[in-house]
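Asker: coords please:
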Amino acid sequence: MIVAVTGSSGFIGKRLVRVLQDAGHEVVKLDIAGGFDILNWEAFKKVPPVDVLVHLAARSFVPDSYDNPHDFYHLNINGVINGLEFCRMHKARFVFASSYVYGKPAYLPIDENHPLQGFNPYAETKIIGEKICRDYHKYFQVPSIILRPFNIYGPGQNENFLIPSVLKQAKTGIVRLMDPRPKRDFIFVDDVVRAFHLAVENKEITFDCFNVGSGKSYSVKEVTEIVNRIYHHSLRVEFGEEERMNEVLDTVAEISKTRAQLHWKPIVDLTTGLKTIIDI
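Answerer: Numbers count the residues shown, from 1 in each chain. This is a model prediction of the structure:
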């Protein structure tokens, strides 16, 4: 197949491109690093027809969504519209990278039927993006698969995120963090890439949403304890008392639907994933 990937040079994108190419697909890279602006509709219209478009391009660092909301909403929403309209024109399938969109959970583990709750501007943009996917399927029959990854980590991730920050500090021997309590369902980037690969190759699903997580959660404190074990308990770990606005204290993905319908399951556990990054 011919598969277009927006955000093809990003954290997930560059790995997905390699996996798709290894599987024999032709990949069209649509990335600002290569000079392609997904917000430029005139440029988008000139892209040759494809079979599937995977939409990864987005701004994702939550604190920036408070500091620069215009750019977040502009890119994260209009990029989806342009991608879906391109798929409508060429009768292509759309695979959308959503996110954790459940807010403070009413129950655990969280399945795909849990009410969606925007708890920061970034999550709001993903919820709006999902709604546009639904509309383009409902009114224009554009097939869409929405993936909702929980907390992705892996080699090459931006150092603003928790795990790369912990690992960077660990090299100094001292790790300083704030609130030790929040628990997250961490999922290794290669497992996430496999989910996108399976979504690309699935021609039966016309519209659906799928959680992508490990099915387990670890607190910030537990993450540092695993890292400290890998470092043979040589680290000094300190916590403050500052709490983030609208903090969610626990998230666990229910992934039975993803297992059954996409035939996907996580392979890399947190300890193995952390060791992989540290060994690199």
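Asker: any idea of the pLDDT on the residue of the chain positioned farthest from its centre?
Answerer: Of all residues in the chain, Ser234 has its C-alpha farthest from the mean position, at 32.2 Å, by Cα atoms, centre = their mean. Ser234 is assigned 97 on the pLDDT scale.
Asker: Which secondary structure element is home to the residue nearest to Tyr107 when sequence neighbours are not counted?
Answerer: Excluding the flanking residues, the one nearest Tyr107 by Cβ to Cβ, 6 or more residues apart in numbering is His114, at 7.2 Å. (C-beta placed from N, C-alpha, C; glycine too.) Taking DSSP states H and E as the definition, His114 sits outside all helices and strands.
Asker: okay, now His114: neighbour count?
Answerer: His114 has 17 neighbouring residues, counting by other Cβ atoms under 10 Å.
Asker: residue contacts, it?
Answerer: Neighbouring residues of His114 by Cβ atoms under 8 Å, 6 or more residues apart in numbering: 102, 105-107.
Asker: Also Pro180?
Answerer: By Cβ under 8 Å, 6+ apart, the neighbours of Pro180 are 219-221, 224, 239.
Asker: In the stretch 1-150 of the chain, mark out all the helices, start to finish.
Answerer: 13-22, 41-44, 62-67, 69-90, 121-140 (DSSP state H, counting those that start in this stretch).
Asker: for those, which one sits closest to Gly213?
Answerer: Comparison of those against Gly213 by Cβ to Cβ identifies helix 121-140 as nearest, at 15.2 Å.
Asker: Quick one: work out the angle between the closest one and helix 69-90.
Answerer: 20 degrees (axes from the mean of the first three to the mean of the last three Cα atoms, to 10 degrees).
Asker: still on that earlier bit, ok so the residue farthest from the centre of the chain is a strand residue?
Answerer: No: assigned with DSSP: H, G, I helix; E, B strand; the rest coil, Ser234 falls outside any strand and is coil.
Asker: distance of it from Gly173?
Answerer: Computed as Cβ to Cβ, to the nearest Å, the Ser234 to Gly173 distance reads 7 Å.
Asker: Same check on Glu42?
Answerer: 53 Å.
Asker: now do Phe86
Answerer: 50 Å.
Asker: In JSON lines, list the helices of the stretch 1-150 of the chain along with distance to Glu204, mean pLDDT and mean neighbour count.
Answerer: JSON lines is the format used below for the helices of the stretch 1-150 of the chain (distance: least, Cβ to Cβ, whole Å; pLDDT from 0 to 100; neighbours: other Cβ atoms under 10 Å):
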{"stretch": "helix 13-22", "distance to Glu204": "19", "mean pLDDT": "98", "mean neighbour count": "18"}
{"stretch": "helix 41-44", "distance to Glu204": "27", "mean pLDDT": "97", "mean neighbour count": "14"}
{"stretch": "helix 62-67", "distance to Glu204": "34", "mean pLDDT": "90", "mean neighbour count": "15"}
{"stretch": "helix 69-90", "distance to Glu204": "17", "mean pLDDT": "97", "mean neighbour count": "19"}
{"stretch": "helix 121-140", "distance to Glu204": "14", "mean pLDDT": "97", "mean neighbour count": "18"}
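Asker: Done for today, thanks.
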